[in-house]
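Peer 1: The following comprises the amino acid sequence and a computationally predicted model.
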There are 2 protein chains.
Amino acid sequence: MIIDCHGHYTTAPPALEAWRARQIAALGDPAGAPRADELAIGDDELRASVADHQLAQMRARGCDLTIFSPRASFMAHHIGELQTSATWAAICNELLFRITRLFPDHFAGCAMLPQSPGVDPRTCIPELERCVVEYGFVAVNLNPDPSGGHWSAPPLTDRHWYPIYEKLVEHRIPAMIHASASCNPCFHTIGAHYLNADTTAFMQCLTGDLFRDFPSLKLVIPHGGGAVPFHWGRFRGLAQQLGKPVLREHLLDNLYFDTCVYHQAGIDLMARVVPVDNILFASEMIGAVRGIDPETGHHFDDTRRYIDAAPGLTAADRAKIYEANVRRVYPRLDEALAARGR
Amino acid sequence: MIIDCHGHYTTAPPALEAWRARQIAALGDPAGAPRADELAIGDDELRASVADHQLAQMRARGCDLTIFSPRASFMAHHIGELQTSATWAAICNELLFRITRLFPDHFAGCAMLPQSPGVDPRTCIPELERCVVEYGFVAVNLNPDPSGGHWSAPPLTDRHWYPIYEKLVEHRIPAMIHASASCNPCFHTIGAHYLNADTTAFMQCLTGDLFRDFPSLKLVIPHGGGAVPFHWGRFRGLAQQLGKPVLREHLLDNLYFDTCVYHQAGIDLMARVVPVDNILFASEMIGAVRGIDPETGHHFDDTRRYIDAAPGLTAADRAKIYEANVRRVYPRLDEALAARGR
């Protein structure tokens, strides 16, 4: 089967965005804030919002299942305070949960966390555990920069984040390190901030020793790892210069790269430098880049075509990228699939 | 001939760093600040600091001339205020000037600007003009984030920066968009901040219309363009989605990428997606990554080997990358070389 480890619910009914707009409008006036139960989206509406979009594309592209999370740019952890994020995350995760119940063969849940700038990440644990224990989610998205482009949180290797890692390890779920919207005018959200966050997260892990403390922790760097595979030699050289072990020993039992790289040459490079065991199929469809590439006549984000065409990959490599690696990195997904005979 | 468009004076005698340490130590106490003329480095010392290092490597690698600038991470524009940067830039540029006089066949100058967070870039113009008019420098380095990792300046497309661009155009010199040291613990300077700055600068140009206002402005994005070539499809797709012209029309008469990418697969990717007219030879030697790659037995930053071995390049392409493109983007260098019969 083919599993896409990186999809967001970008096609929610407009009522969701309207609720969020009311929440934001009431930031200075808690009494005016909308209640969570004022958002009413029926199952039919929810079903249609996915069936006509992500699911239709998955069928067209031959993708069986997507690990699905709330819309990344809408997490916007920089808005409001802890309670703002807590209510918003609870709403978004519950909608996701309903989608995974409506389409259990096609979507597995990945939680958004109620992060907030300057707030102890420990406050995310109740929502994390609800998503895993009650909703059966198989992963979380962790935002390395809840400030939205001001980078005021400590590096991911800092003990600040350890309470989250302890729970990830306890529940055997990976985190995708995924930034959210940039409120810094220097950074275009999907053209700069996301890619910078990917590169930054990798380098934080390279300079630190996080995986000595958490040998079973699995982190997924999206968007092909930002600049990392293109600069693989630079990172190998920096590891050597900093007295760290080679990348494979130092990081590659714990760090994985998805394939959200939207052209053939990029995927070919990844396949050439990143060990195949560390590559996970993903498209982020329907997401950042929605158009059709005039050079190919296909969607930019139809990444399966690039993987199928990459000259450096064997059939066995593709089977790893499309399924086996994802099931290894997301063991709760593997178990849920096995329980359904898949 | 072979011209390296990106080298920094990273091997200055220790007296330079000692002077800077005294300057920093006196930040709260202007009376205790060292005077510029307290720094004394003789010509012999200056000559040896380059001859035994950069020049020796250039000879070993067959590089004829390097466009040389003060050490990037030492610019540290975030330290102190305008006067701090003004004095420091003047010292560093003057040392560079002396090197270009000691080795006129091998080094051309690229100025550091006295940028300072929150200060009008107009204040950089006297130093810029001294470097071009008095010292004969052929380019400047422009730091898109003088705050050192807090990204508090407006995007490069903002009118804030226009006084600099007007001078660049007037004097027919390009700017390399080069960040300096990160004082934000999230960002490793050479493993994250520089690459992020490259990606960010490209995306700022993509979303803006800077080159409509400055059709003859030339900007060089170092380190191979950060994440850009690896995500060339993403950027092509974003340009389309944002209603911009295709990258070639929108940006590629004005933006250039250097070849500071430290492995064969990275250079092969660049050569495959970036038009050859937009690729400029560079190594940033002796710089960020100084070791020998155990996989090849050669220095990581010996980028000429990768260009010579890139299967997608013809001899004519290599001649452009090594010389013709650089002479076109740095016209004052071209004229200075022509005047010497080169």
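Peer 2: On my side now, so go ahead.

Peer 1: In the stretch 101-250 of chain A, which residue sits nearest chain B?
Peer 2: Closest contact between the stretch 101-250 of chain A and chain B, by C-beta to the nearest C-beta, is at A:Gly233 (2.8 Å). For every residue, glycine as well, the C-beta is placed using N, CA and C.

Peer 1: Provide the count of other residues in contact range of A:Ser49.
Peer 2: 21 (other C-beta atoms under 10 Å in any protein chain shown).

Peer 1: Please save the CA atoms from the strand or helix carrying it in CSV.
Peer 2: Assigned by DSSP states H and E, A:Ser49 falls within helix A:43-51. Once non-C-alpha atoms are left out, helix A:43-51 reads as follows in CSV (Å, rounded to 0.1, in the frame of the first residue of the first chain):
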residue,chain,number,x,y,z
ASP,A,43,-21.0,14.8,9.1
ASP,A,44,-22.2,15.2,5.5
GLU,A,45,-20.4,18.5,5.2
LEU,A,46,-17.3,17.1,6.7
ARG,A,47,-17.4,14.1,4.4
ALA,A,48,-17.8,16.2,1.3
SER,A,49,-15.0,18.5,2.3
VAL,A,50,-12.6,15.6,2.1
ALA,A,51,-14.2,13.3,-0.4
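
Peer 1: any residues touching that helix, and which ones?
Peer 2: Helix A:43-51 is touched from outside by A:Tyr9, A:Thr11, A:Ala12, A:Pro13, A:Leu95, A:Arg98, A:Ile99, A:Leu102, A:Phe103, A:Phe107, with contacts defined as C-beta atoms under 8 Å, 6 or more residues apart in numbering or on different chains.

Peer 1: My understanding was that A:Val276 contacts A:Ile321; is that so?
Peer 2: Yes - taking C-beta atoms under 8 Å as the definition, A:Val276 is a contact partner of A:Ile321 at 6.6 Å.

Peer 1: the more surrounded of these two?
Peer 2: Counting neighbours by other C-beta under 10 Å for A:Val276 and for A:Ile321 shows that A:Ile321 has the greater number, 28 against 18.

Peer 1: Can you give me every residue that contacts the more buried one?
Peer 2: A:Thr259, A:Val276, A:Ile279, A:Leu280, A:Phe281, A:Ile307, A:Leu313.

Peer 1: Taking the residues you listed together, which two end up most distant?
Peer 2: Maximum pairwise distance among those (C-beta to C-beta): 13.6 Å, between A:Leu280 and A:Leu313.

Peer 1: Spell out which parts of the stretch 1-150 of chain A neighbour chain B.
Peer 2: Counting by C-beta under 8 Å from any C-beta of the partner chain, the residues of the stretch 1-150 of chain A lying close to chain B are A:Pro144, A:Asp145, A:Gly149, A:His150.

Peer 1: List only buried entries from the residues you listed.
Peer 2: Among the residues of the stretch 1-150 of chain A next to chain B, those classed as buried by 16 or more other C-beta atoms under 10 Å in any protein chain shown are A:Pro144, A:Asp145, A:Gly149, A:His150.

Peer 1: of those, closest to A:Ile267?
Peer 2: Proximity of those to A:Ile267 (C-beta to C-beta) peaks at A:Pro144, which lies at 24.5 Å.

Peer 1: What's the local residue count around the closest residue to A:Tyr330 other than its chain neighbours?
Peer 2: Leaving aside its chain neighbours, A:Tyr330 sits nearest to A:Val138 (4.9 Å; criterion: C-beta to C-beta, 6 or more residues apart in numbering or on different chains). A total of 28 residues lie near A:Val138 under the criterion other C-beta under 10 Å.

Peer 1: on that earlier part again, now, the buried ones among the residues of the stretch 1-150 of chain A next to chain B that are in strands?
Peer 2: With DSSP state E as the criterion, strands contain none of these.

Peer 1: could you dump the contacts of helix A:43-51 to a markdown table with secondary structure?
Peer 2: A markdown table is the format used below for the contacts of helix A:43-51 (DSSP: H, G, I helix; E, B strand; the rest coil):
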| residue | secondary structure |
| --- | --- |
| A:Tyr9 | strand |
| A:Thr11 | coil |
| A:Ala12 | coil |
| A:Pro13 | coil |
| A:Leu95 | helix |
| A:Arg98 | helix |
| A:Ile99 | helix |
| A:Leu102 | helix |
| A:Phe103 | coil |
| A:Phe107 | strand |
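
Peer 1: Pick the one among these closest to chain B.
Peer 2: Among these, A:Thr11 lies closest to chain B (C-beta to the nearest C-beta), at 16.2 Å.

Peer 1: Was I right to think that closest one contacts A:Gln54?
Peer 2: Yes - counting by C-beta under 8 Å, A:Gln54 is a contact partner of A:Thr11 at 6.8 Å.

Peer 1: quick one on the thing from earlier: which one's more surrounded, A:Leu280 and A:Leu313?
Peer 2: The neighbour comparison of A:Leu280 against A:Leu313 (other C-beta under 10 Å) goes to A:Leu280, with 29 against 21.

Peer 1: List the beta-bridge partners for that one.
Peer 2: Beta bridges link A:Leu280 to A:Asp258, judged by DSSP bridges.

Peer 1: isn't it right next to A:Arg328, touching?
Peer 2: No - if you go by C-beta under 8 Å, A:Leu280 and A:Arg328 don't touch, sitting 9.4 Å apart.

Peer 1: mind listing the strands for the stretch 1-150 of chain A?
Peer 2: Secondary structure of the stretch 1-150 of chain A (DSSP state E, counting those that start in this stretch): strands located at A:3-9, A:65-70, A:107-112, A:139-142.

Peer 1: Output those strands in a markdown table; the columns should cover mean pLDDT and mean neighbour count.
Peer 2: As requested, these are exported to a markdown table (pLDDT from 0 to 100; neighbours: other C-beta atoms under 10 Å in any protein chain shown):
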| stretch | mean pLDDT | mean neighbour count |
| --- | --- | --- |
| strand A:3-9 | 98 | 27 |
| strand A:65-70 | 98 | 25 |
| strand A:107-112 | 98 | 28 |
| strand A:139-142 | 98 | 26 |
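
Peer 1: need those in JSON lines with distance to B:Val119, can you?
Peer 2: What follows is these, written out as JSON lines (distance: least, C-beta to C-beta, whole Å):
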{"stretch": "strand A:3-9", "distance to B:Val119": "40"}
{"stretch": "strand A:65-70", "distance to B:Val119": "41"}
{"stretch": "strand A:107-112", "distance to B:Val119": "40"}
{"stretch": "strand A:139-142", "distance to B:Val119": "37"}
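
Peer 1: circling back: show me which of the contacts of helix A:43-51 are buried.
Peer 2: Buried subset of the contacts of helix A:43-51 (neighbour count, 16+ other C-beta under 10 Å): A:Tyr9, A:Ala12, A:Pro13, A:Leu95, A:Arg98, A:Ile99, A:Leu102, A:Phe103, A:Phe107.

Peer 1: out of everything not next to it in sequence, what's closest to the fifth one?
Peer 2: Spatial nearest neighbour of A:Arg98, chain neighbours left out: A:Leu46 (5.8 Å); criterion: C-beta to C-beta, 6+ apart.

Peer 1: Could you report the neighbour count for that neighbour?
Peer 2: If we define neighbours as other C-beta under 10 Å, then A:Leu46 has 19 of them.

Peer 1: Please tell me how far it sits from chain B.
Peer 2: To chain B, A:Leu46 is 26 Å away according to C-beta to the nearest C-beta, to the nearest Å.

Peer 1: how close does that residue get to A:Ala139?
Peer 2: Distance of A:Leu46 to A:Ala139, given as C-beta to C-beta, to the nearest Å: 21 Å.

Peer 1: now do A:Ser69
Peer 2: Counting by C-beta to C-beta, the separation of A:Ser69 from A:Ala139 is 8 Å.

Peer 1: That concludes my questions; thank you for your assistance.
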